[in-house]
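# Model the structure of this input:
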Amino acid sequence: MSAFLAVLVTVLVVLHGVPWWVLVMAPDWPASVTTCATILTVLVAAGFPLAMWRGHGARHRDGLAVAGDTWLGLIWLLFSWSVVGGVADLVLAVSGAPYPDRTRWIAGLTVAWVALLATWGFWQARRVPAVRHLDVGIPRLGAGLDGLRVALLTDTHFGPIDRARWSAGVARAVNGLDADIVAHAGDIADGSVDLRRAQAAPLGTIRAREARVYITGNHEYMSGALEWSTHMGELGWTVLHNSHVLIRRNGSTLALAGVDDRTAAGSGVPGHGADLPTALAGIESDTPVLLLAHQPRQVRESAAAGIDLQLSGHTHGGQIWPFHLIVRAEQGVLHGLSRHGQRTVLYTSRGSGFWGPPFRVFAPSEITLLTLRAGSAEPTPA
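Purely as a prediction, here's the structure:
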């Protein structure tokens, strides 16, 4: 516990301390401004973890969660761009720019830029995602399934901000694609079914010609994975809990498989844990496999098993720049198409919703429509 508190305090001090220095202390504002801004920084830094704890704790006080999440996004933006501003100040100092004019200009421009990014990022996060169209070649796919259309949703993260209208808009957008398969690759919500039922309800209106399938993400294991799996079944979706279904058309077959999230085994949820061999059991060796796995890094096992196409989410494309650097280092990929091993193609979605901070900065959300093509080895944009 002492180590956790030490890390927490260090993170809070760094996140708030860098903007405080660049925006408040370095510009040499009048003493009254510096004092008020310093007091405000201390109060916000102290109140932030309390809002997160009370908001996301067992009682789920959504108002406090929204306040904490929003400040998390804002302080990350302020921290990131204050670092950029600090570097700019050093360059200008070496070039002979006068003090404190240069530091005051940097502070003002940083605050204005962050305000602009936050406004734009808020709109980006709350809009119904644009549809990204891709053709993906699967050499083993039979001619009878050439042109199969797969609509991918992931990371809807229904949470403390009521997004029932947004969810309905997403459902309308997906239905407009007339997809053969609609897949939800996990992280459906932050909170229990009882708390987020209204936001998830429009998922029950989504249509698909062949199948609607869903897998768990890591956030389900903090929000009631069993309850969400049951609820998605009630909404008419097939839950691929280390299992598969077969799609047959015109003499050709595709196995549509799904595995639990890689965190499931340590979650304490009985019977849950990513188990690719079980998901693939009974599939004939010459049948191509499309696998849903929430985290891109699960592609290591997929490539070893010879999976043809894996669809994942989890990364959010970084969600708020420059967090993408951390995500890429942890997952190996950030978004888009990538090839792994001799056969496996991975598509990583930026996600359809957002987690926590209601901002998306240089990481737009998406609904993805993948058209599967037989015989082509290279994935290409449509």
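# Against residue 229, how distant is residue 257?
From residue 257 across to residue 229, the span is 16 Å (CB to CB, to the nearest Å). Just so you know, the C-beta spots here come from the backbone N, C-alpha and C atoms, and that holds for glycine as well.
# So those two - more neighbours on which side?
residue 257 (28 against 23; other CB atoms under 10 Å).
# what's the average pLDDT for the strand or helix carrying the more buried one?
Element membership for residue 257 (DSSP states H and E) is strand 252-258. For strand 252-258, mean pLDDT is 98.
# Tell me the helices and strands packed up against the very next helix or strand once past that strand.
Next along the chain after strand 252-258, taking DSSP H and E as the criterion, comes helix 276-280. Applying 3 or more CB pairs under 8 Å, 6 or more residues apart in numbering; DSSP states H and E, we find helix 276-280 packed against strand 243-249, strand 252-258, strand 289-292, helix 299-305.
# Can I get those in TSV including distance to residue 33?
Converted to TSV, these look like this (distance: least, CB to CB, whole Å):
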stretch	distance to residue 33
strand 243-249	62
strand 252-258	56
strand 289-292	53
helix 299-305	52
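# quick one, which of those is nearest to residue 6?
Smallest distance to residue 6 across these (CB to CB): 33.2 Å, for helix 299-305.
# In CSV, list the C-alpha atoms belonging to the next helix or strand after the closest one.
Once helix 299-305 ends, the next helix or strand along the chain (criterion: DSSP H and E) is strand 309-312. The C-alpha trace of strand 309-312 is given here as CSV (Å, rounded to 0.1, in the frame of the first residue of the first chain):
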residue,chain,number,x,y,z
LEU,A,309,-7.8,-12.6,-39.6
GLN,A,310,-7.9,-11.2,-36.0
LEU,A,311,-10.1,-8.2,-35.1
SER,A,312,-9.2,-6.3,-32.0
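# just checking, what packs against the next helix or strand after strand 309-312?
Using DSSP H and E, the helix or strand that follows strand 309-312 in sequence is helix 324-331. For helix 324-331, there is no helix or strand it packs on, judged by 3+ CB pairs under 8 Å, 6+ apart.
# what's the single longest helix in this protein?
The longest helix of the chain (DSSP state H) is helix 62-94.
# circling back to that earlier point, just name the most buried of the helices and strands packed on helix 276-280.
strand 289-292 (a mean of 26; mean count of other CB atoms under 10 Å).
# before we move on, back to that, the longest helix of the chain: what's the following helix or strand?
helix 101-126.
# Report the mean per-residue pLDDT for that next one.
97.
# Quick check: which helices or strands does it pack against?
Using 3+ CB pairs under 8 Å, 6+ apart, helix 101-126 sits against helix 62-94.
# what about residue 328, how many residues close to it?
16.
# right, and it touches residue 338 too?
No. In this structure, residue 328 is not within contact of residue 338 by CB atoms under 8 Å, at 11.4 Å.
# who touches residue 36 in this structure?
By CB atoms under 8 Å, 6 or more residues apart in numbering, the contact set of residue 36 is empty.
# Now do the same for it: its pLDDT.
Residue 36 carries a pLDDT value of 96.
# Same question for residue 379.
Residue 379 is given a pLDDT of 47.
# now the residue nearest to residue 114 when sequence neighbours are not counted: how far from residue 4?
Spatial nearest neighbour of residue 114, chain neighbours left out: residue 77 (4.8 Å); criterion: CB to CB, 6 or more residues apart in numbering. As defined by CB to CB, residue 77 lies at a distance of 25 Å from residue 4.
# again with residue 275
From residue 275 to residue 4 the distance is 31 Å (CB to CB).
# The two: which is more packed in?
Between residue 275 and residue 4, counted using other CB under 10 Å, the more crowded position is residue 275 (18 against 8).
# What are the phi and psi values at that one?
The phi/psi pair for residue 275 (degrees, to the nearest 10) reads phi -140, psi 90.
# how near is it to residue 294?
14 Å.
# Tally up the residues packed near the closest residue to residue 26 other than its chain neighbours, please.
By the measure of CB to CB, 6+ apart, the closest residue to residue 26 outside its immediate chain neighbours is residue 103, 4.6 Å from it. Using other CB under 10 Å, residue 103 is surrounded by 24 other residues.
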